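Novice: Got a predicted model here, sequence first, then my questions.
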Amino acid sequence: MTAVPHRDHGAEEMCAAGVKLYEQALREGRLRVEEAVQAPCLTRFGLLHPARDDPARLEPVAPAAALIRMLRGSRARIADEYRREDRLVEQFEPLMRTDGPRAAGTGADTPLLRLHSGTQRINQALTEAMEQARQEVLCIQPSAGMAGPRGEAAHDVAYHRDQRLLDRGGRIRTLFQHTVVHLPAVHAYNERLVGDIEGRCLDELTDRLIVMDRAVAFLPADDDGTLALEVRHPALVAYFVTTFDRLWRLATPMYPQPVRRPTLNGVTPRQRAIARLLVEGHTDTLIAERLGMNVRTTRDHIARLATTLGSDSRAQLGYLIARSGILELEEAAR
């Protein structure tokens, strides 16, 4: 027998299949991923999320906590959003009376750690958290984003949530990798924003990180950008902020006033970054990965560096880099 196709709908009008599966999840504590296929709305709205100890299982969010999260952003919207609140309350009221091993004792408090699955859900969680920010957003943006490459629509969503923070008097500080600084999309995005924004760049960065008001952080939870971890534990968030601040002090200003890094003894800043990794014994492939470049470009820079230093071989190049003192000169120039 063919299953009835799932109809897209908003959170205020949950489908019958979604309500039934959510009640089952609340009673039993977990569902298998394949059981939730008939109601994808549950993961899209954040009512089910992957279990941290078993990605093949989905755990329900307590109805009270889910309700509070869904209502949080609506209070600042137009009258139609207030009517949406009423419908959500009406929908969740019977669910909040459902007891089970997962819901019992959970309460309405926001969890300290929450796993979000899928680009749409990740962006929704980011937007909800950004709407609560009032002071500052810190962002580490390497060559690849948390939720994969951004399309035009995703850029537009990010722009509006960033601009709303700036309009509230907040500020945004972003660390970029040098390889993305001059990309047209990055430049256009920063030029489009109006407000207190500042950007700096480094040759090497950690994975993507977003910290809002030093209270909540988002970071990747897998390699392909389909999982993100929301962190509200004060000690962990403080650690992320300290890491950001230390990288910020080492970085080169890019926005609003750029600072051009000098060429030392004929060696460019990019070549010095490569030289530092060469003397550590890394392969061309690993160097390219760490600096956000392709291997061909990396090898081209290595060849130019070898020409500048007069090297005939890879082994000799490492020796000449050490003897030239270019890495020590760079540290002195900081």
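Specialist: Noted; the coordinates are in hand. Numbering: from 1, shown residues only.
Novice: what's downstream of the helix or strand encompassing Thr127, the next helix or strand?
Specialist: Using DSSP states H and E, the element containing Thr127 is helix 119-132. Toward the C-terminal end, the helix or strand that comes next after helix 119-132 (DSSP H and E) is strand 136-141.
Novice: Output that next one as CSV - backbone C-alpha positions only.
Specialist: C-alpha atoms of strand 136-141 as CSV (Å, rounded to 0.1, in the frame of the first residue of the first chain):
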residue,chain,number,x,y,z
GLU,A,136,27.4,41.5,19.7
VAL,A,137,27.9,38.6,17.3
LEU,A,138,31.3,36.9,16.9
CYS,A,139,31.8,34.8,13.8
ILE,A,140,34.7,32.7,12.4
GLN,A,141,34.2,32.2,8.7
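Novice: what are the pairing partners of it, and which direction each?
Specialist: Under the criterion DSSP bridges, strand 136-141 sits next to strand 171-177 (parallel), strand 209-212 (antiparallel) in its sheet.
Novice: Could you chop this protein up by domain?
Specialist: Domain segmentation of the chain under automatic domain parsing yields 1-107, 112-260, 269-333.
Novice: can I get the ones you listed in TSV with mean neighbour count?
Specialist: From N, CA and C alone the C-beta is placed, and that goes for glycine too. TSV is the format used below for these (neighbours: other Cβ atoms under 10 Å):
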stretch	mean neighbour count
domain 1-107	16
domain 112-260	17
domain 269-333	16
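Novice: With mean pLDDT as new columns, can those be given to me in a markdown table?
Specialist: As requested, the domains of the chain are exported to a markdown table (pLDDT from 0 to 100):
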| stretch | mean pLDDT |
| --- | --- |
| domain 1-107 | 72 |
| domain 112-260 | 83 |
| domain 269-333 | 78 |
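Novice: Next up, the contacts around Met14.
Specialist: Tyr22, Cys41, Phe45, Gln91 (Cβ atoms under 8 Å, 6 or more residues apart in numbering).
Novice: Which two of those residues have the greatest separation?
Specialist: Largest separation among the contacts of Met14 by Cβ to Cβ: Cys41 and Gln91, giving 12.1 Å.
Novice: all strands of the stretch 1-150 of the chain, in order?
Specialist: 31-32, 48-51, 54-60, 113-117, 136-141 (DSSP state E, counting those that start in this stretch).
Novice: Mind exporting the C-alpha coordinates of the second one to CSV?
Specialist: What it means is strand 48-51. The C-alpha trace of strand 48-51 is given here as CSV (Å, rounded to 0.1, in the frame of the first residue of the first chain):
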residue,chain,number,x,y,z
LEU,A,48,12.6,15.7,17.0
HIS,A,49,16.4,15.9,16.9
PRO,A,50,19.2,13.2,16.4
ALA,A,51,20.2,11.5,19.6
